[in-house]
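In: pasting the structure only:
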């Protein structure tokens, strides 16, 4: 049946495809509401009636059924019998305790600040400025410092990606040739601790803002790496820790304009050992046609802040302007690449 369905979908008329794209926000908010209500968690121990789900979520039962009926047609949940719902393979990933949970990512995409930013896309297209800044009158980083609840959603969503990505990144690159690694903007330390656990001889330094590193301390303690990993607080626009032979930064450079990204790289260039390496882990826009995570992510960066996704040639130019030569672009089995640079 699925094969026939896929064939029908592949033969959809251009207008049918267009209408699906136009309705995209509908799907986003349906899944986001289900995530906010914790429907998948409630169904974890077996099927439940709409009435049971309504009581548990304190919602209007007929309205809840109407959205669950659509989510059934989308394959997110399954209506096994009238008004009785269960999990599907897809909704397993909406459970809080799933190792690859996208629950917080779904909540983020349906959040008010995120939705408003997309609604104001035309402003960015006309002015070249982030629509988020126009709506809230401040930069995204400042907004999240002031709005803790929204920051928690963002942080939880990013944590999901970090946990899932760390092992594949480590499996894609040989870190054994280094002695000391600095994770610039290392967040909660999932990537750095994964690298250290796989390379017992390595010493690590996690470098990030004071308000961020508390989460990293917990990760380092949990992984019992206190003796090989220290935390240094600071601002990578001012300086980075000295003397390491490899500096890694994941999802950092894409947050910033060329000028600011160059400043971060230059600060690394000033303190890196002469034979050291810079590793930028980011998306790389390919020249291939078709929709992909990189070009869609680039629009996300455009509306939310000053950042952007970059092509290979743009990365080469950026590296060169900061005193590095881009030597390798290494795939990771993710929509991420490891861009290795050496000192010029």
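Out: The structure has been received and is ready for your questions. What you are looking at is a predicted structure, and each value in this text was computed from that prediction instead of being measured.
In: residues contacting the residue nearest to residue 190 when sequence neighbours are not counted?
Out: Using CB to CB, 6 or more residues apart in numbering and skipping residues adjacent in sequence, the residue nearest residue 190 is residue 162, 4.2 Å away. To be clear about C-beta, it is placed using only N, CA and C from the backbone, and glycine gets the same treatment. Counting by CB atoms under 8 Å, 6 or more residues apart in numbering, residue 162 touches 187-188, 190-191, 250.
In: For residue 162, give its distance to residue 52.
Out: 35 Å (CB to CB, to the nearest Å).
In: again, but for residue 40
Out: From residue 40 to residue 52 the distance is 14 Å (CB to CB).
In: neighbour count winner among the two?
Out: residue 40 (25 against 16; other CB atoms under 10 Å).
In: That one contacts residue 89, doesn't it?
Out: No: using CB atoms under 8 Å, residue 40 makes no contact with residue 89, being 11.6 Å away.
In: SS state for residue 79?
Out: strand (DSSP: H, G, I helix; E, B strand; the rest coil).
In: What sits closest to it if chain neighbours are left out?
Out: residue 72 (4.3 Å).
In: name the element residue 160 belongs to?
Out: helix 148-171 (DSSP states H and E).
In: picking up where we left off before, reformat the contacts of residue 162 as TSV; add pLDDT, neighbour count and secondary structure.
Out: TSV is the format used below for the contacts of residue 162 (pLDDT from 0 to 100; neighbours: other CB atoms under 10 Å; DSSP: H, G, I helix; E, B strand; the rest coil):
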residue	pLDDT	neighbour count	secondary structure
187	90	23	coil
188	89	23	coil
190	92	24	helix
191	95	25	helix
250	96	25	strand
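In: Taking these together, which two end up most distant?
Out: 188 and 250 (11.7 Å; CB to CB).
In: Got phi/psi on residue 334?
Out: phi -130, psi 170 (degrees, to the nearest 10).
In: Could you report the pLDDT at the nearest residue to residue 87 once chain neighbours are set aside?
Out: Of all residues not flanking residue 87 in the chain, residue 43 sits nearest, at 4.9 Å (CB to CB, 6+ apart). On pLDDT, residue 43 comes in at 98.
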